[in-house]
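K.L.:
Pasted the sequence and its predicted model underneath.
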Amino acid sequence: MTPPSRNSDVILRPSVKSGRPGGDSGARVAGDVATKTRDVYRSLSATSIGLEMGISVILGLFFGRWLDGKLGTEPWMLILFCAIGMAAGMKGVFRAMRDADRIADENERRDAAEAADAARAKALKEAAR
């Protein structure tokens with residue numbers, strides 16, 4: 001008897017037909033777990049927007065106040081670096097909005113593809129009758 005080759009180590013099992021597109025049995029697969037994990041990560045990223053905005057403004061305030069003490073230009077560096085902190089925070093907000101729009105577009109495309117697949121499967125099932 002010859003030892004199995006690398007290609008024969010993989011056991012392929014036929015999929016069990018169910019109501020789900022793709023014919024899987026409804027068991028959890030790696031794609032489902034990855035999708036859930038990615039969605040959790042995206043929601044956590046979205047919740048950090050306010051924190052990012054606040055930290056950038058506070059850092060600008062503290063650095064401006066410290067620089068005013070060193071240079072003797074009492075309110076000007078504080079005002080300048082507060083404005084820079086707000087601009088940096090707004091840049092983060094706009095970046096997060098752009099990412100959220102991109103994700104929404106990806107989800108719409110995926111949902112449309114799934115709906116088309118389901119309609120195609122339904123049409124094939126009815127044509128087989």
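P.N.:
Thanks, I have it. Numbers count the residues shown, from 1 in each chain.
K.L.:
quick one: low-confidence parts of the chain?
P.N.:
Low-confidence segments of the chain (pLDDT under 70): 1-31.
K.L.:
packing partners for the longest helix along the chain?
P.N.:
Longest among the helix segments of the chain by residue count, using DSSP state H, is helix 76-128. Counting contacts by 3 or more C-beta pairs under 8 Å, 6 or more residues apart in numbering; DSSP states H and E, helix 76-128 is packed against helix 30-47, helix 49-71. The way it works is simple: take the backbone N, C-alpha and C, and place the C-beta from them, glycine included.
K.L.:
Need those in TSV (columns: mean neighbour count and distance to residue 104).
P.N.:
Shown next, in TSV, are these (neighbours: other C-beta atoms under 10 Å; distance: least, C-beta to C-beta, whole Å):
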stretch	mean neighbour count	distance to residue 104
helix 30-47	11	11
helix 49-71	15	16
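K.L.:
how about JSON lines for those, with distance to residue 125 added?
P.N.:
Shown next, in JSON lines, are the helices and strands packed on helix 76-128 (distance: least, C-beta to C-beta, whole Å):
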{"stretch": "helix 30-47", "distance to residue 125": "23"}
{"stretch": "helix 49-71", "distance to residue 125": "45"}
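K.L.:
wait, which of these is closest to residue 103?
P.N.:
helix 30-47 (6.3 Å; C-beta to C-beta).
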